[in-house]
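Asker: all I have is the shape, not the residue letters:
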């Protein structure tokens, strides 16, 4: 099984802080990496699909980068807000494997 | 609203019961998925259907039986479950399933899940 790992497992930040977390994946046979946000009591929601080494994608205050050669992707949140509190999941494309997620709590 | 609905949202059942989970997608997608989320574990893929044909069965016990009567509906039939099967069961759909092994850039759209408790 080709594992997808995320770190840290959980994170508390103050409102206004910027933060980032990591998704690591096997670099061999890379195809695409997906980021999702999962708020409590809601459905996981797609953020980004990343395919090319060096890709950088942005959606409002959230952005992501991709390094396929070393097998990692970073998700950044600039100026965190309480509504950013959620679990952030990444998914590799082999056997639809998800990481365990990073649980973010933004304190007001 | 993601366009994927699941019923029921909560289910409590005994080990000898038979029940079914239902998923419906209103997005015109061709692929549908069942995932299981147990406490402190990653989302685990259970089944993948593409154009109503099962294309992935991720070593799931036979007490879980999927059914896909058409591309908009997906069921998970449950019988003689164990307490360790208690979990959140999520349904998802995507435009297509991509290449074999899950090689796809298609976004998955998830339902809200069914919280299952097996007594």
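Answerer: The structure has been received and is ready for your questions. What you see is a predicted model; the values in this text were computed from it and never measured. Residues are numbered from 1 along each chain as shown, chains lettered A, B, ... in the order given.

Asker: mind listing what's buried in the lowest-mean-pLDDT helix or strand in chain B?
Answerer: Taking all helices and strands of chain B together, the one with the lowest average confidence (mean pLDDT, DSSP states H and E) is strand B:53-57, at a mean of 79. Of the residues in strand B:53-57, those buried under the neighbour-count criterion (16 or more other C-beta atoms under 10 Å in any protein chain shown) are residue B:56. Using the backbone N, CA and C atoms, a C-beta is placed for each residue, glycine as well.

Asker: any idea how far that strand is from the middle of the chain?
Answerer: 12 Å (C-alpha atoms, centre = their mean, to the nearest Å).

Asker: and the next element down the chain from that strand?
Answerer: Later in the chain than strand B:53-57, the nearest helix or strand by DSSP states H and E is strand B:64-70.

Asker: re the thing from before, now the angle from the least confident helix or strand of chain B to strand B:64-70?
Answerer: Between strand B:53-57 and strand B:64-70, the angle formed by their directions is 150 degrees, by axes from the mean of the first three to the mean of the last three C-alpha atoms, to 10 degrees.

Asker: give me the neighbour count for residue 69.
Answerer: Because you didn't say which chain, this covers chain A. 10 (other C-beta atoms under 10 Å in any protein chain shown).

Asker: switch to chain B, that's the one I care about
Answerer: Counted with other C-beta under 10 Å, residue B:69 comes out at 9.

Asker: cool, and residue B:28?
Answerer: Residue B:28: 10 surrounding residues under other C-beta under 10 Å.

Asker: coming back round to it: okay, now the sheet partners of the least confident helix or strand of chain B, with direction.
Answerer: strand B:44-50 (antiparallel) (DSSP bridges).

Asker: what mean pLDDT does the strand it pairs with have?
Answerer: Over the span of strand B:44-50, the pLDDT mean works out to 91.

Asker: what sits up against it?
Answerer: Contacts with strand B:44-50, where a contact means C-beta atoms under 8 Å, 6 or more residues apart in numbering or on different chains, come from A:95-97, B:30-38, B:54-58, B:60, B:64, B:66, B:68, B:74, B:76, B:96-97, B:102.

Asker: and that strand, how far from the chain's centre?
Answerer: If you compare the mean C-alpha spot of strand B:44-50 with that of the full chain, they lie 7 Å apart, counting by C-alpha atoms, centre = their mean.

Asker: same check, this time on stretch A:84-96
Answerer: Using C-alpha atoms, centre = their mean, we find the averaged C-alpha position of stretch A:84-96 to lie 6 Å away from the chain's own average C-alpha position.

Asker: got it, and stretch B:5-21?
Answerer: Here the centre of stretch B:5-21 is set off from its chain's centre by 12 Å, with C-alpha atoms, centre = their mean.

Asker: tell me the buried residues in it?
Answerer: Using 16+ other C-beta under 10 Å as the burial criterion, the residues of stretch B:5-21 that qualify are B:5-6, B:11, B:13, B:19, B:21.
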